[in-house]
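**Student:** sequence first, then the predicted structure, then my questions.
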Amino acid sequence: MEEGDRIEESSSVRLSSRTYSGGGVGEARWVDGSEVDSESPPWSLFDENEDKEEYGSLRRRLVKKPKRVDSFDVEAMEIAGAHGHHPKDLSTWRTLALAFQTLGVVYGDMGTSPLYVFSDVFSKVQIESDVDILGALSLVMYTIALVPLAKYVFVVLKANDNGEGGTFALYSLISRYAKVNMLPNRQPADEQISSFKLKLPTPELERALSIKETLERRSSLKTLLLLLVLMGTSMVIGDGILTPAISVMSAVSGLQGEIKGFNTTAVVVVSIVILVALFSIQRFGTSKVGFMFAPALALWFLSLGSIGIYNLVKHDITVVKAFNPAYIYFFFKKNNRDAWSALGGCVLCITGAEAMFADLGHFSVRAIQIAFTFVVFPCLLLAYMGQAAYLMKYPDSSGRIFYDSLPDSLFWPVFVIATIAAMIASQAMISATFSCVKQAMALGCFPRLKIIHTSRRLMGQIYIPVMNWFLMIMCVVVVSIFRSTTDIANAYGIAEVGVMLVTTSLVTLVMLLIWQTNLFMALCFPLVFGSIELIYFSAVLSKVLEGGWLPLVFATFFLTVMYIWNYGRVLKYQSEVREKISMDFMLELGSTLGTVRTPGIGLLYNELVHGIPSIFGQFLLSLPAIHSTIVFVCIKYVPVPVVPQEERFLFRRVCPRDYHIFRCIARYGYKDIRKEDHHAFEQLLVQSLENFLRKEAQELALESNLHEMDLDSVSVSSRDYGTMGVYGNEELKIPLMLDRGSEAGTSVSEEASAVLPSSVMSSDEDPSLEYELSALREAINSGFTYFLEHGDVRAKKNSFFLKKLVINYFYAFLRKNCRAGAANMSVPHMNILQVGMTYMV
């Protein structure tokens, strides 16, 4: 892939040797990271030997011009700047309300861990003295205090991406500061998105820049970072399989001691029935039952705390001695290797800690901090202390400690609440898996799947049928094979600690690259928390043969799928860049494109952000005629959570004016949802295209008049002036952005008018503009046609064997079985034209 890594869509100035007269455009092109192939303004023939650089610098000194408009959304022009990203500034009551809601979404997984933690710990260590109980309790207490409280609540939550959390959010944040994305389609215009804005720290600027340059220069580090993120994502998907299995099975297992004859087989059957029902209702969306989540989990945490206090008072309050960390030392000294093995069960007390960060986008940092610090943390401590107090008196009850420690009269109410809590914890993890897969798809790391939006008001509530049924089948298989929460817990621990290690690594990089953190403090984070997690990871890895192999198999499978998809997609993009049609060829074809131009608008979907895609040449060869207006549409995902609607589109002219070819780049964040109706999209595109043409006419008039007024004595060649005219395009922005809400034929706003000389021709007086607008209206009346490629990707014959295997078979299989382009882009099937093309990579 080293060759591919060198393929960048050039941002340098390109000049040609040929000159075109008569108002046309020559080969001279200036590319600033976005396509600028517009027609230059009318000019006279000047002395070709004049120094163009002297002219350019003089022009920039004399004329201070604002930047070019990048958005083509008409509504955006009316409200530009009104929806910039701002931190969540919530009232106290609103924050408390959000904190209450987090109980039902964020903490379900961690809240159900008292069902199985001590039963798993004491399956490895036999209770022979008080030291065993107090040591295990002390381990659990300090694990919760250090990892969820100290690490996540006070550090990791601050490493959010404009309010979004999770593995991909960290990768997105890093990608904005350093160009580590494997797909080279980043544009300078992307940095103008309000949520994209960057500010490097000043105290550690030199170190941050050094890290940035190292990441951008070495492709091996880019690949390593991508693999790290994909591994974390694979572990999260594995959690989506194991969380429902262990949570539901642990809740149902309480019936074993209460109902005679309710054996392990009955537990498995009932658990499978509940799991099938749980996955079957996913298509209705969580919003239908979401109102009960927070109250149910609040009642669950209240039950945990109350029962814990009851057991402390009734059985043995002296377990508070476990606050002394010396008991951890005594525990390891007494049990040696068994104590180290018991860490695999102890780590289950922090399952779901990653959910605090992953679900941040639905809440606020303060709400999650308040809920954990004042509700979840104390209730969990009381629950574990109460169970330890009961074990001090009844050490043989460790196998089903949670239900045995309940007062007899409360068994059935608590059993019902526990089952509901387990289902809610499973629901939250399933929804998180859907969101994670969607983010991976947006960043080009997962095959395209059908996504159903289950709520019109909440964009985060989605349903992915293929993933839902896959998770259900895997959950049923896991429960059927393992038939024991102990073996599932061994698998669960590896998935949880694996995600935490990935988060620790990425947050450390954020500290070094982005935050104003000195080197000592930045290294303390991985040294402290990374060491703790590595110790736990070593303990759970020792259980590979006892169930720990399962998440490793899941992670390897999903990592392979995601990396192959990303690898094939990058190679395909690089092939498109190499094979794009040259401007020389387009100019030789002329405005007719070597065929017949019939009225109508053709929307050609492709992935290029620069240049003319090679698939366009295939359409020219295959069709007897081509539409009078062509728009190259690029759906592009940028490394931000959400792109404001008013900043979504970039619009450009490709080729000279009489070609009527344009480019539209629609930018989306990884949390954005594409639910455009094609009629609405067509209407918006037409309105925006008309707006763009008017602004372009004003821009060209401004260029012409500035030249006449300020640069009478400067002469340049027609070719050089054409290049500088495009440069003017690149910098013209503010007057056009100030033209808010202008209808067809209206003049520019006051501030724009102040920049324009009085002699500038208005839109209505420009005959070429009116001609182009009339041609556009005629094309609109003839309708829209969508041009899509039916591409095939094949490895070159001289490629090595492994590459041929991956591209020709694995990647080809994924492309063949993923969601088709027509369905994925929401275009009408009646208006589609497709042509086949093979990309040799």
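**Tutor:** Arrived safely. Numbering: from 1, shown residues only.
**Student:** and S799, helix, strand or coil?
**Tutor:** Classification of S799 using DSSP: H, G, I helix; E, B strand; the rest coil returns coil.
**Student:** show me the contacts for the residue lying closest to it once chain neighbours are set aside.
**Tutor:** Excluding the flanking residues, the one nearest S799 by Cβ to Cβ, 6 or more residues apart in numbering is I807, at 7.7 Å. Placement of C-beta: from N, CA and C, glycine included. Shown in contact with I807 (Cβ atoms under 8 Å, 6 or more residues apart in numbering): G568, L571, V793, R794, A795, S799, V841.
**Student:** which of those fall in strands?
**Tutor:** V793, R794 (DSSP state E).
**Student:** from the contacts of I807, which is closest to M830?
**Tutor:** Minimum distance to M830 across those is 27.9 Å, recorded for V793 (Cβ to Cβ).
**Student:** tell me, how many residues neighbour that closest one?
**Tutor:** The number of residues packed near V793 is 19, by other Cβ atoms under 10 Å.
**Student:** begin at 789 from here
**Tutor:** All right, first residue 789 from here; so that's V1581.
**Student:** distance of it from G1149?
**Tutor:** Distance, V1581 to G1149, by Cβ to Cβ, to the nearest Å: 34 Å.
**Student:** now swap in C1452 and tell me
**Tutor:** 28 Å.
**Student:** may I have stretch 1284-1295 as CSV, with CA atoms only?
**Tutor:** Listed next in CSV are the C-alpha coordinates belonging to stretch 1284-1295 (Å, rounded to 0.1, in the frame of the first residue of the first chain):
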residue,chain,number,x,y,z
GLU,A,1284,-14.5,-5.2,28.5
VAL,A,1285,-10.8,-4.8,29.4
GLY,A,1286,-9.9,-4.8,25.7
VAL,A,1287,-12.1,-1.8,25.0
MET,A,1288,-10.7,0.0,28.1
LEU,A,1289,-7.1,-0.5,27.0
VAL,A,1290,-8.0,1.0,23.6
THR,A,1291,-9.6,4.0,25.2
THR,A,1292,-6.6,4.5,27.5
SER,A,1293,-4.2,4.5,24.5
LEU,A,1294,-6.3,6.9,22.4
VAL,A,1295,-6.9,9.3,25.4
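**Student:** before we move on, the earlier item: now the contacts of I1595 in TSV, with distance to G1096?
**Tutor:** Shown next, in TSV, are the contacts of I1595 (distance: Cβ to Cβ, whole Å):
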residue	distance to G1096
G1356	53
L1359	57
V1581	58
R1582	63
A1583	61
S1587	62
V1629	60
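**Student:** next, find the distance separating the nearest residue to I915 once chain neighbours are set aside from L922.
**Tutor:** In space, and not counting its chain neighbours, I915 is closest to P1183: 4.1 Å by Cβ to Cβ, 6+ apart. Going from P1183 to L922 by Cβ to Cβ gives 12 Å.
**Student:** compare neighbour counts for these two and give me the winner.
**Tutor:** Taking other Cβ under 10 Å, P1183 and L922 do not tie; L922 has more neighbours (24 against 17).
**Student:** mind checking what helix or strand follows whichever strand or helix holds the more buried one in sequence?
**Tutor:** Using DSSP states H and E, L922 sits in helix 918-932. Next helix or strand after helix 918-932 toward the C-terminus (DSSP H and E): helix 955-965.
**Student:** hey, C-alpha coordinates of that next one in CSV?
**Tutor:** C-alpha atoms of helix 955-965 as CSV (Å, rounded to 0.1, in the frame of the first residue of the first chain):
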residue,chain,number,x,y,z
THR,A,955,-13.8,4.9,20.3
PHE,A,956,-14.7,6.4,16.9
ALA,A,957,-15.2,9.8,18.5
LEU,A,958,-11.6,9.8,19.8
TYR,A,959,-10.4,8.6,16.4
SER,A,960,-12.4,11.4,14.7
LEU,A,961,-10.9,14.0,17.1
ILE,A,962,-7.3,12.8,16.4
SER,A,963,-8.1,12.8,12.6
ARG,A,964,-8.9,16.5,12.7
TYR,A,965,-5.6,17.4,14.3
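**Student:** which secondary structure elements does it contact?
**Tutor:** helix 1007-1040, helix 1199-1230, helix 1273-1301 (3 or more Cβ pairs under 8 Å, 6 or more residues apart in numbering; DSSP states H and E).
**Student:** got these as TSV, with mean neighbour count, distance to S1402 and mean pLDDT columns?
**Tutor:** Converted to TSV, these look like this (neighbours: other Cβ atoms under 10 Å; distance: least, Cβ to Cβ, whole Å; pLDDT from 0 to 100):
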stretch	mean neighbour count	distance to S1402	mean pLDDT
helix 1007-1040	24	25	87
helix 1199-1230	22	25	84
helix 1273-1301	25	37	86
